[in-house]
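1. Provided below are the primary sequence and the corresponding predicted coordinates.
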Amino acid sequence: MTGDKGTRSLSSSRPPEGSTSAGLRALPRPVAVVVGAGGVLGAAHVGVGYALEERGFVPDMIIGTSVGALNGAIAAAHPDRAAPWLDHVWTRLRRREVYPLGYLSSRASIFTDRGLRRLIARAGLPSRIEQLAVPFTAVAMDLGTGAPALLDHGDLESALLASAAIPGMLPPVDREGRTLVDGGVIAYVPVLAALQSGAASVVVVSSGPESSPLSPVVPPRRAGAVAARAGLLLMHHQIERDLHEVSRHIPTVVLPTGIDAWPSPWDFGHSQRLISTASRTAGRFLDGLRISGPGLYRVDDPPAASADPGEASTSSVAGVAL
């Protein structure tokens, strides 16, 4: 990880309860929290949520895709105390609860969505998006046109099911005359939706290897490995393109998770490790964050040489020691 002029370690101690880091206070309002996709890797979102809640941060809007929509909706319902509830859920969650086998609901998917419906019902959420404490948008994709669907009003359950409807794995959702599937197909980290919604700054909560810098590797030869590598590169380039586009206009803060070893897509047994590591790493990053105008703020970006004296540096946090 790199930072600007002289790498330094950031304190690992928690801030006083309710205090907000200088970097968070400096973010222009309205500030959006953007929660990306990632399936089982969404446990890392919980750790980052702990870091934000411990620093007294409450966003002006939350925008989520796929599992990020579910985590984001719970945060929007309980903006100052969602992390402990999500911690309880994620550390007890098992694959068969989310992806139950043997219950084909239609020819459109391998799994039924009854597990997700039960999970949503237990979350204590209101029936409509407008009733959430913080303005919220779930991002899905229109299967007919390929356009993003920004679901910011109406029935909350169907919005969350649509945003998480992995094509072929979970059933598409018919809503307001459209057939909708997982928003991660078109907006794995929906920062463009935040900009479109009027955010003046963005805090990005993402997870998974797609969201991290990719190192060159020897090209794989087996069919499954080739497909996996190509999919990883596709998602990575989509994320990078969107982050750089949005950061040209507003401060875009990407919170690190510190996780190098990610579990398989079906393995829910690593949730506690993902939560703990992400909480510690994101907290250290936030305590060293400094904002100086539009740009991309994250630990893996070296400071950019600016041709314009008034242009903000895009990296102002030094290397985070784990």
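-> Looks like it arrived, so ask away.

2. now do the contacts for residue 143.
-> Going by CB atoms under 8 Å, 6 or more residues apart in numbering, residue 143 touches 167, 172, 178, 179, 180, 181. (C-beta placed from N, C-alpha, C; glycine too.)

3. out of these, which end up buried?
-> Buried by 16 or more other CB atoms under 10 Å: 172, 178, 179, 180, 181, out of these.

4. element containing the fourth one, please.
-> If I follow you right, that is residue 180. strand 178-182 (DSSP states H and E).

5. now the helix or strand following that strand: how far from the chain's centre is it?
-> Counting by DSSP H and E, the element after strand 178-182 in chain order, helix or strand, is helix 191-196. Between the centre of helix 191-196 and the centre of its chain there are 13 Å (CA atoms, centre = their mean, to the nearest Å).

6. one step back: ok, residues contacting the strand holding residue 180?
-> 37, 65-66, 140-144, 149, 162-167, 170, 172-174.

7. can you select the buried ones from the residues you listed in PyMOL?
-> A single PyMOL command selects the buried members of those (16+ other CB under 10 Å):
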select buried, resi 37+65+66+140+141+142+143+149+162+163+164+165+166+170+172+173
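
8. what's the lengthiest helix in the chain in contact with?
-> Using DSSP state H, we find that the single longest helix of the chain is helix 223-247. Outside of helix 223-247, the residues within contact range by CB under 8 Å, 6+ apart are 36, 184, 187-192, 194-195, 202, 204, 206, 209-211, 214, 217, 219-220, 252, 254, 294-296, 314.

9. hey, what's residue 151 bridged with?
-> In this entry, residue 151 is beta-bridged to residue 138, by DSSP bridges.

10. start at 34, not 1
-> Right, with 34 as the first residue, what we last looked at is residue 184.

11. can you give the contact residues for stretch 197-209?
-> 72, 99-100, 102-103, 132, 138-139, 141-146, 149, 173, 176, 184, 187-188, 191-192, 194-195, 212-215, 217-218.

12. in strands, which of those appear?
-> 173, 184, 212, 213, 214, 215 (DSSP state E).

13. in stretch 59-75, which residues are buried?
-> Buried, per 16+ other CB under 10 Å, within stretch 59-75: 60, 64-75.

14. residue 111: neighbour count?
-> Residue 111 has 19 neighbours, counted by other CB atoms under 10 Å.

15. just give the nearest non-adjacent residue to residue 64, would you?
-> Counting by CB to CB, 6 or more residues apart in numbering, the nearest residue to residue 64 once its immediate chain neighbours are dropped is residue 234, at 4.6 Å.

16. how close does that neighbour get to residue 143?
-> Distance of residue 234 to residue 143, given as CB to CB, to the nearest Å: 40 Å.

17. neighbour count: the two, which is higher?
-> Remark: of residue 234 and residue 143, residue 234 carries more neighbours, 24 against 13, as counted by other CB under 10 Å.

18. from residue 328, how far out is that one?
-> Residue 234 is 10 Å from residue 328, by CB to CB.

19. which neighbours do the two share?
-> Contacts common to residue 234 and residue 328, judged by CB under 8 Å, 6+ apart, are 284, 285.

20. just to revisit the earlier point, of the contacts of helix 256-280, buried ones?
-> Using 16+ other CB under 10 Å as the threshold, 69, 217, 220-225, 227-228, 235, 237, 239, 242-244, 285, 287, 327-329, 347 are the buried ones among the contacts of helix 256-280.

21. which strand residues bridge residue 235?
-> residue 65, residue 285.

22. all the helices of the protein, residue numbers only.
-> Using DSSP H, the helices of the chain run over 55-58, 76-87, 100-110, 115-123, 128-131, 147-155, 189-196, 224-229, 256-280, 304-321.

23. mind checking which of the ones you listed is nearest residue 168?
-> helix 100-110 (7.5 Å; CB to CB).

24. next one: the closest one to chain centre, how far?
-> 10 Å.

25. quick one: mean pLDDT for that helix?
-> Across helix 100-110, the average pLDDT comes to 96.
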